[in-house]
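# Structure for the following, please:
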Amino acid sequence: MTHKIDPRISRTRKLLMDAFIKLILKKNFKDITIKDITDAATVNRATLYSHFHDKYDLLDVVINETVIDNTIKNLDYFNKLNQETYVKIFLSLTNLHTETIENSNSSAQCKGSYESFSTIFEQKIKIELENLFYSLLVKQPSNFDSEALKVGAVILSSGIYAASVDWINNGSSSAEQYIEKALPFIVT
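All right, here's what the predicted structure looks like:
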């Protein structure tokens with residue numbers, strides 16, 4: 001028997017997440033308090049704690065549900081690892097970075113806030129990329145065992161993420177031009 005989630009619970013959870021996102025665009029993450037979040041969401045502390053353990057749990061959920069779901073999970077429709085797949089993944093990452101930077105530039109404090117949780121952000125994105133690459137590598141005909149495929153997925157994940165960060169920090173060409181230059185080193 002499937003249980004339906006009460007729509008009020010979903011709305012309150014979304015309200016808390018939206019309030020947190022608005023705050024993180026204005027304030028440094030370390031300076032955001034539970035009171036700030038509950039005031040912005042117009043709920044009490046007990047309500048927040050009935051949905052999340054603390055602000056770190058809220059951050060984790062926001063990253064998973066808004067960033068990862070909208071960026072990485074939308075790439076699940078690929079069924080093989082080829083040039084087009086690498087390009088789409090890279091462009092999704094560069095779009096994600098660009099949107100994050102544009103939001104960060106709205107305030108100097110927000111840039112500091114992004115930097116304060118960017119490590120968590122990077123780890124989560126890389127894990128999702130590893131899972132995606134592993135699932136694609138398993139579908140490819142090869143003589144590699146499962147452990148070797150996992151290592152390959154880690155290398156691909158870290159490499160493409162690092163390339164997207166390099167493009168953001170140092171890219172003088174478009175994201176499309178950058179990945180075209182990188183493809184000969186990725187696709188064999």
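
# From now on I want contacts and neighbour counts done on CA atoms only, so please keep to that.
OK.

# Residue ranges of each domain in this structure, please.
Here the domain parsing of the chain from automatic domain parsing is 7-53, 72-186.

# Can you name the next helix or strand after the helix or strand of the chain with the lowest mean pLDDT?
Across the helices and strands of the chain, mean pLDDT, DSSP states H and E gives its lowest value to helix 69-71, namely a mean of 69. Per DSSP states H and E, the first helix or strand lying C-terminal to helix 69-71 is helix 83-104.

# Now do that following helix: which elements does it pack against?
Counting contacts by 3 or more C-alpha pairs under 8 Å, 6 or more residues apart in numbering; DSSP states H and E, helix 83-104 packs against helix 69-71, helix 108-139, helix 146-170, helix 175-186.

# among these, which is nearest residue 60?
Closest approach to residue 60 among the helices and strands packed on helix 83-104 (C-alpha to C-alpha): helix 108-139, 8.1 Å.

# burial count for residue 131?
17 (other C-alpha atoms under 10 Å).

# contacting residues around it?
Shown in contact with residue 131 (C-alpha atoms under 8 Å, 6 or more residues apart in numbering): residue 153.

# again with the one 3 residues further on
Contact criterion C-alpha under 8 Å, 6+ apart gives 149-150, 152-153 as the residues in contact with residue 134.

# swap the cut-off to 10 Å and go again
By C-alpha atoms under 10 Å, 6 or more residues apart in numbering, residue 134 lies in contact with 81, 128, 140, 146, 148-154, 156-157.

# again with residue 32
Contacts of residue 32 (C-alpha under 10 Å, 6+ apart): 20, 23-24, 26, 55, 113.

# Make TSV out of the residues you listed and add pLDDT.
Below are the contacts of residue 32 laid out as TSV (pLDDT from 0 to 100):
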residue	pLDDT
20	91
23	88
24	82
26	81
55	92
113	57
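
# weakest of the domains of the chain in terms of mean pLDDT?
In terms of average pLDDT, domain 72-186 trails the rest of the domains of the chain, at a mean of 83.

# chain center to it: distance?
10 Å (C-alpha atoms, centre = their mean, to the nearest Å).

# from the contacts of residue 134, which would you call buried?
81, 128, 149-150, 152-154, 156-157 (16 or more other C-alpha atoms under 10 Å).

# will you turn those residues into TSV that also has distance to residue 90?
Output for those, formatted as TSV (distance: C-alpha to C-alpha, whole Å):
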residue	distance to residue 90
81	13
128	14
149	20
150	20
152	17
153	15
154	15
156	11
157	10
